[in-house]
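# What would the 3D arrangement of this be:
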Amino acid sequence: MNPVALVTGAGRGLGADLIRHLALDGYSVAIHARRSIESATDLTIELMNAGVDAFLVRGNLADELQAWGIIHEIADHFGRLDILINNSGDYEPEELGQTGRHSWDRGIDSTAAATFFTTRAALPLLRLAGQGRVVNIGDSSCDHPGARDLALSYHIGKTGVLMITKSFAVAEAEHGVTVNMVSPGYLDNSVDLPHPSLIPANRYGSHSDIYQAVRFLIQPEAGYLTGSHLVVSGGWNLR
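Next up is the predicted model:
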């Protein structure tokens with residue numbers, strides 16, 4: 001049986017392309033979506049027609065019970081889970097003075113809370129896998145927090161994901177589960193893109209760039225690498 005990978009926030013964008021790359025590498029895939037249900041359904045059908053064992057799960061991962069329910073659905077369908085990629089995160093470019101309770105909660109819930117509750121629910125299956133892997137998708141600025149004009153709660157949440165990464169890395173090392181983080185800079189589909197000449201590499205990152213870092217971390221030979229943070233930004237945000 002093929003190893004199984006779950007990607008959260010996989011209805012569109014980076015999450016959907018991570019799913020496609022994993023499927024090409026021989027994984028069966030669990031596709032999570034909360035709001036992008038139509039595009040996630042289309043992706044599931046696309047992969048099933050290509051012969052991939054693809055399974056759609058839906059729900060709010062910041063809700064502890066829903067996170068457990070989604071993992072139970074995956075256990076019932078596949079009987080295993082080898083890889084968890086916590087990709088979810090709602091970026092809303094609101095200014096500080098416009099940020100209300102709803103968007104504040106959404107920034108935190110879709111990043112730190114979703115990563116924490118999904119990881120905790122998935123750990124029993126990941127431990128059984130023998131070499132379970134967790135990769136959290138961060139942000140290139142999350143390891144040096146500072147003032148933000150836009151999307152403050154999202155950035156706080158991504159910094160929280162880094163702390164969650166390191167905390168679970170320490171706790172799970174004895175169980176053979178590695179927990180690492182990959183942080184993109186500006187990607188082709190990012191909002192409010194700067195001119196590419198402002199990026200040291202003179203181009204935006206691609207989804208394939210991110211997957212190559214993920215692929216390195218999930219390979220069996222990376223079993224001693226845990227708690228790391230790979231910034232894949234073409235040099236952006238390193239100063």
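# CA atoms for contacts and neighbours, from now on please.
Fine.
# Mind giving me the packing neighbours of the strand or helix carrying residue 31?
Using DSSP states H and E, residue 31 sits in strand 28-33. Strand 28-33 makes packing contacts with strand 4-7, helix 13-24, helix 37-49, strand 54-58 when contacts are defined by 3 or more CA pairs under 8 Å, 6 or more residues apart in numbering; DSSP states H and E.
# Please identify the most buried of the ones you listed.
Of all the helices and strands packed on strand 28-33, strand 4-7 has the most neighbours on average by mean count of other CA atoms under 10 Å, namely a mean of 26.
# And for that strand, what's in contact with it?
Strand 4-7 is contacted from outside by 15, 18-19, 22, 27-32, 78, 80-87, using CA atoms under 8 Å, 6 or more residues apart in numbering.
# So how do I select the buried members of those residues in ChimeraX?
If you want just the buried ones from the contacts of strand 4-7 in ChimeraX, going by 16 or more other CA atoms under 10 Å, the selection is:
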select :15,18,19,22,27,28,29,30,31,32,78,80,81,82,83,84,85,86,87
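# How about the contacts made by residue 158?
With contacts defined as CA under 8 Å, 6+ apart, residue 158 is in contact with 111, 112, 138, 139, 142.
# My read is that the last one contacts residue 155, right?
Yes. Applying CA atoms under 8 Å, one finds residue 142 in contact with residue 155, separated by 6.8 Å.
# which of the residues in stretch 193-208 are buried?
Under the neighbour-count criterion of 16+ other CA under 10 Å, stretch 193-208 has 199, 203, 204, 205, 206, 207 buried.
# could I get those residues as CSV with secondary structure?
Conversion of the buried residues of stretch 193-208 to CSV gives the following (DSSP: H, G, I helix; E, B strand; the rest coil):
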residue, secondary structure
199, coil
203, coil
204, coil
205, strand
206, coil
207, helix
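# so which of these comes closest to residue 52?
Of all those, the one with the least separation from residue 52 (CA to CA) is residue 207, at 20.4 Å.
# Quick check, pLDDT for that closest one.
On the pLDDT scale, residue 207 is placed at 97.
# Identify the residue nearest it in space, chain neighbours excluded?
Leaving aside its sequence neighbours, residue 207 sits nearest to residue 14 (CA to CA, 6 or more residues apart in numbering; 5.8 Å).
# hang on, isn't that neighbour packed against residue 205?
No. Because the distance of 11.0 Å does not satisfy CA under 8 Å, residue 14 is recorded as not touching residue 205.
# Hmm, residue 94 is touching residue 153, no?
No. Checked against CA under 8 Å, the pair residue 94 and residue 153 is beyond contact range at 9.9 Å.
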